[in-house]
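Visitor: Got a predicted structure plus its sequence, pasted below:
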Amino acid sequence: MNWQKIKTLILAFIAAFLVILVTGVAVAQNENEIQIFKMGTDVTVPEQQVLTDAVAIGGKVTILNGGHVTNDALAIGGDVILKPNARIDGDAIAIGGEIIKEPGAIVGGSEVVMFSNAKVLFNRFGLLGTIYLTNVIFSLITLVIVFAFGAFLLLLLPGHLETITATMHHHPFKCGMWGLASIVAITLFVALFAGSVLGFLLIPIANLAFVVAGLLGAIATGLWTGKKVFSRKATGKFLTFFVGMLILAVISLIPLAGGAIILMLDLFGLGAVLLSRVGTMPPEKIKKQFDRLEGTMQPSGG
């Protein structure tokens, strides 16, 4: 397949996604199964109509008199409304809304309501705005937690954090590779030992160690960012760390790209934690070890 065909395929996929986003789509798998999925608008099941599934993201699902959904009805950012004699054989799920049943309406499965108070946010900011606002709040809370732990560790273990930050500066590529390798390793470890007795004992410990290493990496990333700002000035470590975390907080506010940038930077921080052995091995010693390793791997001349 040449590049022109790939580009055409990508454009077709984007166009199809935009059609779903703006207008919604009804998918007929066969003559007996009809699924309705819409984004940014409401879904209405007509009277006496039988559908397989009804899903509305950023809207409500309304099943009119005698309407029948044989599987599930899901509304994100809206209500699931059953008019008289309407029926859902599966589950009725409302995230950021409520389930409203009029006389004679039946839900055969579970009735799940989550974050019903968030309906005000959906009505005010819309689906994308609410997702963005939720992401901003989560990111800021995370950064506040990281800053609190970082300030404590700067008092307790300033030398270790300085070593981790220096490792990020002197060995960025190696840090990135180590961070990526650690994610692959923990994923494979959990997948291989999940469900076993050994996994029951070791997986929680491994996950805890990974979270601690990630937290240290995020703290080192904030300190590294601050050092980039004050690279030519002698500034206190607390002010440097505060400015670095503030910059990361601002970056996290960028829609879509902000979260990806923070995750990428934290990946380098995580790798620096592992590469420096939690701040106990300075960058110079790391370089000597890699030079020695490369020397032993080179074929000897004969």
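Guide: Ah, there it is.

Visitor: Give me the residue ranges of the chain where confidence is low.
Guide: Counting by pLDDT under 70, the low-confidence segments of the chain come to 1-34, 116-131, 234, 256, 291-302.

Visitor: What about residue 211, how many residues nearby?
Guide: For residue 211, the neighbour count with other C-beta atoms under 10 Å is 10. For glycine as for every other residue, the C-beta is placed from the backbone atoms N, C-alpha and C.

Visitor: Adjust the sequence numbering to begin at 41 for everything that follows.
Guide: With the count now opening at 41, the last piece we talked about shows up as residue 251.

Visitor: what separates stretch 76-89 from the chain centre, distance-wise?
Guide: How far stretch 76-89 lies from its chain's middle: 29 Å, per C-alpha atoms, centre = their mean, to the nearest Å.

Visitor: what's the answer for stretch 82-95, then?
Guide: 31 Å.

Visitor: what do you get for stretch 306-317?
Guide: Offset of stretch 306-317 from its chain centre (C-alpha atoms, centre = their mean): 20 Å.

Visitor: Quick check: residue 90 touching residue 110?
Guide: Yes. Counting by C-beta atoms under 8 Å, residue 110 is a contact partner of residue 90 at 6.6 Å.

Visitor: ok, and the spatially most central residue of the chain, which helix or strand is that part of?
Guide: Residue closest to the mean C-alpha point of the chain, counted by C-alpha atoms, centre = their mean, is residue 299 at 8.2 Å. For residue 299, the host element (DSSP states H and E) is helix 297-315.

Visitor: Next, the buried residues of that helix.
Guide: Of the residues in helix 297-315, 298-299, 302, 305-315 count as buried by neighbour count, 16 or more other C-beta atoms under 10 Å.

Visitor: Could you do stretch 316-336 as well?
Guide: With burial defined by 16+ other C-beta under 10 Å, the residues of stretch 316-336 counted as buried are 316, 318, 319, 322, 323, 326.

Visitor: show me the contacts for residue 211.
Guide: Applying C-beta atoms under 8 Å, 6 or more residues apart in numbering, one finds that residue 211 lies in contact with 312, 315, 323, 326, 327.

Visitor: again, only using 10 Å
Guide: 217, 218, 308, 311, 312, 315, 316, 323, 326, 327, 330 (C-beta atoms under 10 Å, 6 or more residues apart in numbering).

Visitor: Distance-wise, check the first one relative to residue 272.
Guide: Relative to residue 272, residue 217 is positioned 30 Å away (C-beta to C-beta, to the nearest Å).

Visitor: which of those two has more neighbours?
Guide: residue 217 (15 against 6).

Visitor: For residue 194, which non-adjacent residue is closest in space?
Guide: residue 277 (5.7 Å; C-beta to C-beta, 6 or more residues apart in numbering).

Visitor: the strands in the protein, which residues?
Guide: Under the criterion DSSP state E, the chain contains strands at 65-70, 73-79, 83-85, 90-91, 93-97, 101-103, 108-109, 113-116, 120-122, 127-128, 132-135, 139-141, 146-147, 151-154.

Visitor: Switch those over to a markdown table; also include mean neighbour count and distance to residue 287.
Guide: Below are those laid out as a markdown table (neighbours: other C-beta atoms under 10 Å; distance: least, C-beta to C-beta, whole Å):
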| stretch | mean neighbour count | distance to residue 287 |
| --- | --- | --- |
| strand 65-70 | 10 | 42 |
| strand 73-79 | 18 | 34 |
| strand 83-85 | 23 | 43 |
| strand 90-91 | 18 | 50 |
| strand 93-97 | 23 | 33 |
| strand 101-103 | 28 | 43 |
| strand 108-109 | 24 | 49 |
| strand 113-116 | 26 | 33 |
| strand 120-122 | 28 | 43 |
| strand 127-128 | 24 | 49 |
| strand 132-135 | 24 | 33 |
| strand 139-141 | 18 | 44 |
| strand 146-147 | 16 | 49 |
| strand 151-154 | 14 | 34 |
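
Visitor: Out of these, which is closest to residue 189?
Guide: strand 151-154 (29.9 Å; C-beta to C-beta).

Visitor: Check which helices and strands that closest one sits against.
Guide: If you count contacts as 3 or more C-beta pairs under 10 Å, 6 or more residues apart in numbering; DSSP states H and E, strand 151-154 packs onto strand 120-122, strand 132-135, strand 139-141.

Visitor: Relative to residue 182, which of these is closest?
Guide: Closest among these, using C-beta to C-beta: strand 132-135, at 22.1 Å.

Visitor: thinking again about what came up before, only the C-alpha atoms, please, for the helix holding residue 299, written as PDB.
Guide: The C-alpha trace of helix 297-315 is given here as PDB (Å, rounded to 0.1, in the frame of the first residue of the first chain):
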ATOM      1  CA  ALA A 297      -1.100  17.800  24.200                       C
ATOM      2  CA  GLY A 298      -0.500  19.000  27.700                       C
ATOM      3  CA  GLY A 299      -1.100  15.600  29.300                       C
ATOM      4  CA  ALA A 300       1.000  13.800  26.700                       C
ATOM      5  CA  ILE A 301       3.900  16.300  27.400                       C
ATOM      6  CA  ILE A 302       3.700  15.700  31.100                       C
ATOM      7  CA  LEU A 303       3.700  12.000  30.700                       C
ATOM      8  CA  MET A 304       6.700  12.100  28.400                       C
ATOM      9  CA  LEU A 305       8.700  14.200  30.800                       C
ATOM     10  CA  ASP A 306       7.700  12.000  33.800                       C
ATOM     11  CA  LEU A 307       8.900   9.000  31.700                       C
ATOM     12  CA  PHE A 308      12.400  10.500  31.600                       C
ATOM     13  CA  GLY A 309      12.200  11.200  35.300                       C
ATOM     14  CA  LEU A 310      11.200   7.600  36.000                       C
ATOM     15  CA  GLY A 311      14.100   6.400  33.900                       C
ATOM     16  CA  ALA A 312      16.500   8.700  35.800                       C
ATOM     17  CA  VAL A 313      15.400   7.300  39.100                       C
ATOM     18  CA  LEU A 314      16.200   3.700  37.900                       C
ATOM     19  CA  LEU A 315      19.300   4.600  36.000                       C
END
